[in-house]
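J.: Sequence and computational prediction follow.
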Amino acid sequence: MNAIEQAFSASINTMDPDQVNASLDSQKRWPKHKDTALCSYIMSTIQAPEGSLSIQESTIPDAGSGLFIKRDVAEGELIFTSVPLVLCAEVGQGMEACDFCFQQRRRVFHPVEDRFLQPGEVLPPLHICNGCRMYQYCSKSCWQRAWDTGHLYECGLLAGASTDVETRTLYRLLILMRKKVLLAQQVKALARLEHEVANFERRTKKSWPRIISIAREAKERTKSELSIGEILMLYGIIRCNSLPVDQTYRNAPLGNALDFGGALINHCCDPNVVIVFNSTQVQVRALRKLKAGEELLHCYRDIAYDFTFRNPRIAARYQFRCQCDRCREESDRHYKEAKNESDVLPLILSTQAALFDVIDVSKKQAFVTPTAFNVELQLGKVNHILKTGYAGGPWPNSLEPLPTVLKALAALCERQGDLINSIKIRIKALAFTKWRKGLPWSEDLIDFVLSLSTLTMFPSHPSLRDTSLPKHKEFQDIFIGHLHILHGILLNFYGPQGRTTGIVHTFLQQEKGNYNGPVPGTRAFRRRFKASQENVLKWAGVDQELWTVE
Ligand SMILES: C[S@@+](CC[C@H](N)C(=O)[O-])C[C@H]1O[C@@H](n2cnc3c(N)ncnc32)[C@H](O)[C@@H]1O
């Protein structure tokens with residue numbers, strides 16, 4: 001064992017140093033908040049105003065330590081940034097992440113130039129590494145830098161390796177330890193993170209043999225000198241603490257990151273912070289105003305979804321059952337409306353599965369045999385599923401995955417050039433979306449304004465000749481109005497210097513120049529916007545009440 005592996009091994013096996021022995025709880029959780037050396041090391045990895053954060057005992061019973069803010073913070077304000085200890089890109093079909101710079105390529109923005117992608121614009125393909133044929137890079141220079149900072153050690157041993165991102169993160173960490181690229185202090189702090197291996201073993205009997213074989217294969221491939229038990233703990237650390245490299249708040253991660261600051265933030269389904277990535281940098285922002293002394297909490301996954309979907313996934317991965325108010329309220333609501341209590345969960349779960357199936361089938365059709373995709377047919381299927389899909393009545397409109405299914409169908413219509421159906425369905429989806437504020441809402445608005453912009457660009461679009469449609473002018477009003485609202489949200493979250501704010505600002509200025517009407521933000525504009533919006537919502541079959549008129 002080399003010195004770095006030894007440092008990791010010694011730390012992960014030490015459960016009773018003098019200063020913390022008495023305070024270890026029944027779960028043998030390391031009380032990080034009492035370990036001053038560890039706290040000061042973790043703080044040194046975070047960029048934040050001096051003294052603005054502290055590590056303390058969590059306010060959530062049995063959750064261990066947590067990260068607390070020590071100053072008042074405005075909504076959208078940047079709380080801290082950091083650069084993760086390790087990042088690892090998702091790979092495989094359709095994955096578009098450069099394993100060095102993680103510039104966003106899958107979304108609507110150009111990865112390097114500050115602008116929206118043009119409709120139909122295709123980016124040059126990523127370069128796949130010639131050695132491992134696994135990781136992809138934007139350019140030769142990204143590849144070179146990735147190579148120099150560690151890929152040279154792993155490239156040769158990845159042939160036939162798992163495409164699962166957590167397993168590859170495990171290989172990466174083991175190799176960086178083997179080659180002494182990581183520092184002793186880093187691996188000691190790594191060893192202190194939660195791993196929940198005992199709980200994994202106890203509760204996930206079925207998948208345990210698979211987890212052991214992952215550890216065995218990792219040891220073999222990387223020639224690590226750590227024991228299988230230690231490698232299992234490292235794998236547990238990765239599973240319990242990794243952040244999805246997510247630049248858009250959409251649960252479509254580009255990869256996996258292990259970050260000491262991020263790993264200290266506990267979960268709540270009604271979070272007060274959001275973690276997004278700017279390239280490889282972690283950014284933690286306030287989702288609402290925070291008072292000095294509050295614990296920072298973020299939603300570990302599937303924030304838009306109901307507890308019936310979210311909780312089992314969180315429990316399987318992080319080994320705890322969330323007990324927050326949102327979970328309780330959601331559960332109470334389902335049972336209150338149910339005629340037969342024993343039906344509630346199975347029926348909800350089977351409806352969720354049936355709705356996800358509609359997305360899968362539609363995608364397959366639209367991508368493989370586009371002529372087979374018929375949106376009316378799929379909407380018919382959705383309506384049929386909804387009718388009896390919920391204990392006590394039809395499936396509630398805002399209960400996921402209904403809004404998500406509609407968004408997916410809208411995107412497929414758009415891909416097929418059926419702009420009118422795409423906009424109509426998207427309006428419904430957005431009206432049903434619960435998260436109509438802040439960052440998640442801005443992501444939905446980006447899609448909405450982009451499809452409206454394509455429509456308004458073509459006043460003589462043949463589909464606009466249909467007299468049952470709202471007028472071209474009305475589409476223009478809601479386009480410019482929502483672009484203005486979107487810009488306001490981004491200003492609030494990213495400030496005028498944020499890249500997304502800048503891109504949307506330029507777009508707004510340009511579109512304002514093309515717009516023949518009152519200036520957005522004025523009373524005259526609001527009157528006109530309200531009238532047009534009412535008409536458009538009526539056309540889309542959406543109740544006015546559902547869409548707050550800004
Ligand atoms: C990323 S770590 C968060 C920091 C952790 N509390 C610590 O002391 O290091 C995730 C682990 O924290 C605990 N945890 C986080 N949020 C929780 C919650 N809402 N309820 C119970 N436990 C929670 C679980 O043990 C989970 O596996």
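T.: Great, that's in hand. Numbering: from 1, shown residues only.

J.: Could I get the contacting residues of whatever residue of the stretch 51-200 of the chain ends up closest to the ligand?
T.: The minimum distance from the stretch 51-200 of the chain to the ligand, using CB to the nearest ligand atom, falls at Gly64 (2.8 Å). (Glycine included, C-beta is placed from N, CA and C.) Shown in contact with Gly64 (CB atoms under 8 Å, 6 or more residues apart in numbering): Asp25, Arg29, Trp30, Pro31, Lys32, Glu57, Ser58, Glu194, Asn266.

J.: Can you tell me the SS state at the closest residue to Leu430 other than its chain neighbours?
T.: Closest residue in space to Leu430, ignoring its immediate chain neighbours: Asp444 at 5.4 Å, by CB to CB, 6 or more residues apart in numbering. Of the three states, Asp444 takes helix under DSSP: H, G, I helix; E, B strand; the rest coil.

J.: thinking Asp444 is in contact with Lys434, fair?
T.: No: judged on CB atoms under 8 Å, Asp444 makes no contact with Lys434 at a distance of 11.0 Å.

J.: More neighbours: which of the two?
T.: Neighbours were counted for Asp444 and for Lys434 using other CB atoms under 10 Å; Asp444 has more, 20 against 15.

J.: So what touches the longest helix along the chain?
T.: Longest helix in the chain by number of residues, with DSSP state H as the criterion: helix 344-368. For helix 344-368, contacts defined as CB under 8 Å, 6+ apart pick out 306, 308-309, 334-335, 338, 372-373, 375, 378, 381-382, 385-386, 389-391, 395, 400-402, 404-405, 408-409, 412, 415-416.

J.: ok, of these, which come out buried?
T.: For those, a burial check counting by 16 or more other CB atoms under 10 Å picks out 306, 308-309, 334, 338, 373, 375, 378, 381-382, 385-386, 389-391, 395, 400-402, 404-405, 408-409, 412.

J.: Tell me the pLDDT of Val112.
T.: Looking at Val112, its pLDDT reads 80.

J.: Leaving out sequence neighbours, find the closest residue to it.
T.: Closest residue to Val112 apart from its sequence neighbours, by CB to CB, 6+ apart: Gln103 at 6.7 Å.

J.: give me the number of residues near the one you found?
T.: By other CB under 10 Å, neighbour count at Gln103 equals 19.

J.: Repeat that for Gly488.
T.: Counted with other CB under 10 Å, the neighbours of Gly488 add up to 16.

J.: just Asn199 next, same as before
T.: Using other CB under 10 Å, Asn199 has 17 other residues around it.

J.: ok, it touching Gln319?
T.: Yes: between Asn199 and Gln319 there is a contact at 4.1 Å, judged by CB under 8 Å.

J.: So which of the contacts of Gly64 would count as near the ligand as well?
T.: Applying CB under 6 Å from any ligand atom, the subset of the contacts of Gly64 adjacent to the ligand comprises Lys32, Ser58, Glu194, Asn266.

J.: for these, which one is nearest Val165?
T.: If you rank the ones next to the ligand among the contacts of Gly64 by distance to Val165 using CB to CB, Glu194 comes first, at 18.9 Å.

J.: could you measure that closest one against Ala215, distance?
T.: 17 Å (CB to CB, to the nearest Å).

J.: How about Ser442?
T.: 41 Å.

J.: And for the nearest residue to Gly51 once chain neighbours are set aside, the neighbour number?
T.: Nearest residue to Gly51 in three dimensions, chain neighbours excluded: Lys70, at 6.3 Å (CB to CB, 6+ apart). Neighbourhood size, Lys70 [other CB under 10 Å]: 15.

J.: in this protein, what spans have low per-residue confidence?
T.: 15-28, 106, 250-251, 462-464, 548-550 (pLDDT under 70).

J.: Spell out which residues of it are next to the ligand.
T.: So far as CB under 6 Å from any ligand atom goes, the chain lies against the ligand at 32, 58, 60, 62-66, 194, 196, 240-241, 263-264, 266-268, 318-320, 322.

J.: now do 5 Å
T.: The chain comes close to the ligand at residues Ile60, Ala63, Gly64, Ser65, Glu194, Cys240, Asn241, Ala263, Asn266, His267, Tyr318, Phe320, as judged by CB under 5 Å from any ligand atom.

J.: helix, strand or coil for the second one?
T.: Counting by three-state DSSP, the backbone at Ala63 sits in coil.

J.: residue ranges of the helices in the stretch 101-250 of the chain, please?
T.: Using DSSP state H, counting those that start in this stretch, the helices assigned to the stretch 101-250 of the chain run over residues 140-146, 152-154, 165-178, 184-191, 197-203, 208-222, 228-241.

J.: Relative to Pro518, which of the ones you listed is closest?
T.: In terms of CB to CB, the element of the helices of the stretch 101-250 of the chain nearest to Pro518 is helix 140-146, at 46.7 Å.

J.: Tell me the buried residues in that closest one?
T.: Across helix 140-146, burial judged by 16+ other CB under 10 Å covers Cys142, Trp143, Ala146.

J.: cool, stretch 530-548 as well?
T.: Of the residues in stretch 530-548, Ser532, Gln533, Asn535, Val536, Leu537, Trp539, Ala540, Val542, Leu546, Trp547 count as buried by neighbour count, 16+ other CB under 10 Å.
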